[in-house]
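Participant: Could you look at this predicted model? Sequence included:
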Amino acid sequence: MTRIMFVNSPILLHEPARHIPYGIGILSSLACRSGFEVGILDANAFRLNRELIRRYLKSEASEKPIDLIGISGLVTTYGFQKEIIPWIRKDLPNTLIVAGGGCASSVPREMLEWVPELDMVCIGEGEKTFIDILKHLEDRDFGTVEGIYYKADLLDWPGTHHKHHKKSERSIRQMMAARARGEVEIIENPLRPLMTEKELNGLPYPAWNLLPMEEVYFPNSPLELSDEALQCKRRIDVISERGCLYQCTFCHHNYMGGDLMPDGTRLEPSVRWQSARYVVDMIKYARIKMAIDFVSFLDENFLANKQRALEICHLLEEEELVGVVKWGCLGGPQTIDAELLSRLKETGCTYISYGFESANKHRLKEIRKPHTVNQMQKALEMTIKAGITPITAFMVGYAGETFESIYDTVKFWVRNGIQCAPFFITPYPSTELFEKNKEKILSQYDGDYQKFVEALGDPYKYIVNLTSFSVPEILGLRDLMVTHDLKRIREYAKSQGVEIKDEETTPVPRELEPTNFGEGPIGDLERRS
């Protein structure tokens, strides 16, 4: 039986691992359903270093050969993948190494060029692509598999299936050297069409049984997003949409959803939702099998499809899950109304995470956010009135950032009692923000694209300066934002020849003041990476 091992790349090592590798979970279920033997090495959950990962994989392979290793992670994990893949090749020389997920989808050809030991990348939605790869492990006829780039020398490399025709270590070293010299062609297969909603509704649930739910994820369930989220004991994530309705310039949906692909192809926005029945059946199943008490919906557009959201609320009641399973979600301020908020509250919603990003109309237009500052204000007030905790996320460091735009955002915070540390806006590869500012970005990394990608390890850190401010200035202004120091922002602006005219800020009434537990949406890393 063909044996597969997934490796989930570690991320944000200074924080507990709270979110399962959802994509790996679904791929594992699909592979099991197709008759393959599957294992998951969750290096993120256990915070494994390189040596422990090597020891584990070598031990597993000594018992039974591993035919394929699939390594996945956000683009922020490129440094880890670059480090570990050569060691996997050294220890398991005849195993096919495939990269997928956000990193492989945003820099597919570059990954194959930068990491000679990497054999193949899977681009975009991987469910159908990965099963096709597995079907051709033995015959190596990858030319028919849509959605992959791969090294041409795989055609002459039989792999672990052919026990008497494995490549010697010397031969493999020679192959890797040829790859490093750029002598091996990279074959770019056609991109795979996006999955339909019918196909998404046919997907199995994540392979929770292969993940350390009891050891890691359930103990790390509490989230500082609402009282109920903080008190939960057995939380799961649910991702039930693909693509996006909108075209925010900084967002990874451009390449993961198919709107902007690595070859420059731009398609229409293509959001697709799994049905309300599929979603609630999954929650019910997880409640029966794992006694879950909380669900974090990581869908960016959960509230944009009002009919589906209301149907989910209805089915939660019908399946008698209300009061048993609490939940929270993400949403846009332009998508809510009183009716929807009331139903969300009635059926257990405890928080809504809003990606506001800025309280300046010019910055919102710059990044193509689909909401207005007025809608942001109304969303906060309506959400609090409904008894749901609003969580807000903001960014600083836009290309067009000004003293006025920074000041407007801080005024909004003061008015609404928001305590927030803004993220630095980061131009992730293949996003429109990156493409528009590519020359300026790479000039800060000596023109070295790979060096820039390696620097993307922590979304909380300053990575690149897109603004007209100096680096010390933008760092200092961010500090003044965190402390709500409107006076010093005005004074510094004046010293630079900018007069900020201001009216006194009146805080919202205490009963409308949001309790801002977190610094950003639960799905923030997924969205920005």
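Facilitator: Nice, I can see it. Residues are numbered from 1 along each chain as shown.
Participant: CA atoms for contacts and neighbours, from now on please.
Facilitator: Fine.
Participant: Could you look up the SS state of residue 350?
Facilitator: strand (DSSP: H, G, I helix; E, B strand; the rest coil).
Participant: neighbours around it, how many?
Facilitator: 22 (other CA atoms under 10 Å).
Participant: Verify the stated contact: it with residue 326.
Facilitator: Yes: assessed by CA atoms under 8 Å, residue 350 is found in contact with residue 326 at 6.9 Å.
Participant: what residues are shared contacts of those two?
Facilitator: Overlap between the neighbourhoods of residue 350 and residue 326 consists of 228, 229, taking contacts as CA atoms under 8 Å, 6 or more residues apart in numbering.
Participant: nearest residue to residue 24 other than its sequence neighbours?
Facilitator: residue 6 (7.1 Å; CA to CA, 6 or more residues apart in numbering).
Participant: Now residue 174. Its backbone dihedrals?
Facilitator: phi -70, psi -40 (degrees, to the nearest 10).
Participant: Next up, the contacts around the residue nearest to residue 24.
Facilitator: Contacts were defined as CA under 8 Å, 6+ apart; by that measure residue 6 touches 24, 38, 39, 40, 41, 42, 69, 70, 71, 72.
Participant: Does it lie in a helix or a strand, and which?
Facilitator: Using DSSP states H and E, the element containing residue 6 is strand 3-8.
Participant: Equivalent analysis for residue 442, please.
Facilitator: helix 438-443.
Participant: Now the next helix or strand after that helix: buried residues?
Facilitator: On the C-terminal side of helix 438-443, the nearest following helix or strand under DSSP H and E is helix 449-454. Across helix 449-454, burial judged by 16 or more other CA atoms under 10 Å covers 450, 452, 453.
Participant: and what of stretch 461-481?
Facilitator: Those would be 462, 463, 464, 465, 466, 469, 474, 475, 477, 478, 480, 481, for stretch 461-481 by 16+ other CA under 10 Å.
Participant: just stretch 355-365 next, same as before
Facilitator: Of the residues in stretch 355-365, those with enough neighbours to count as buried (16+ other CA under 10 Å) are 355, 356, 357, 358, 359, 360, 361, 363, 364.
Participant: Now do that stretch: distance from first to last residue.
Facilitator: With CA to CA, to the nearest Å as the measure, the ends of stretch 355-365 fall 14 Å from one another.
Participant: who touches that stretch?
Facilitator: Under the contact criterion CA under 8 Å, 6+ apart, stretch 355-365 has outside partners 331-333, 370-373, 376, 392-396, 398, 400-401, 405-406, 408-409, 412, 520-521.
Participant: quick one: contacts for the closest residue to residue 244 other than its chain neighbours?
Facilitator: If you skip the residues right next to it in sequence, residue 244 has residue 271 as its closest partner in space, 4.6 Å away by CA to CA, 6+ apart. Residues near residue 271 by CA under 8 Å, 6+ apart: 241, 242, 243, 244, 245, 257.
Participant: Residue 481 too?
Facilitator: Under the criterion of CA under 8 Å, 6+ apart, the contact list for residue 481 reads 406, 410, 421.
Participant: Out of the residues you listed, the closest to residue 170 would be?
Facilitator: Of all the contacts of residue 481, residue 170 sits closest to residue 421, with 52.5 Å by CA to CA.
Participant: hang on, that closest one packs against residue 484?
Facilitator: No: Residue 421 lies out of contact with residue 484 (CA under 8 Å); the separation is 10.3 Å.
Participant: Now go through the contacts of stretch 355-365 and say which are in strands.
Facilitator: 331, 392, 393, 394, 395, 396 (DSSP state E).
Participant: Can you give me the neighbour number for residue 168?
Facilitator: In terms of burial, residue 168 registers 11 neighbours under the definition other CA under 10 Å.
Participant: Stretch 176-186 spans what distance, first to last residue?
Facilitator: Distance across stretch 176-186, first residue to last, is 13 Å (CA to CA).
Participant: Could you pull out the buried residues of that stretch?
Facilitator: Along stretch 176-186, these residues count as buried under the neighbour rule (16+ other CA under 10 Å): 176, 179, 180, 184, 186.
Participant: Out of the residues you listed, which is nearest to residue 281?
Facilitator: For the buried residues of stretch 176-186, with residue 281 as the reference and CA to CA as the criterion, the closest is residue 186, at 42.5 Å.
Participant: Just give the nearest non-adjacent residue to residue 335, would you?
Facilitator: When the adjacent residues along the chain are set aside, residue 335 lies closest to residue 304, with 5.3 Å between them (CA to CA, 6+ apart).
Participant: what residues are up against that neighbour?
Facilitator: Counting by CA under 8 Å, 6+ apart, residue 304 makes contact with 331, 332, 335, 336.
Participant: so how far is residue 448 from the first one?
Facilitator: Between residue 331 and residue 448 the computed distance is 37 Å (CA to CA).
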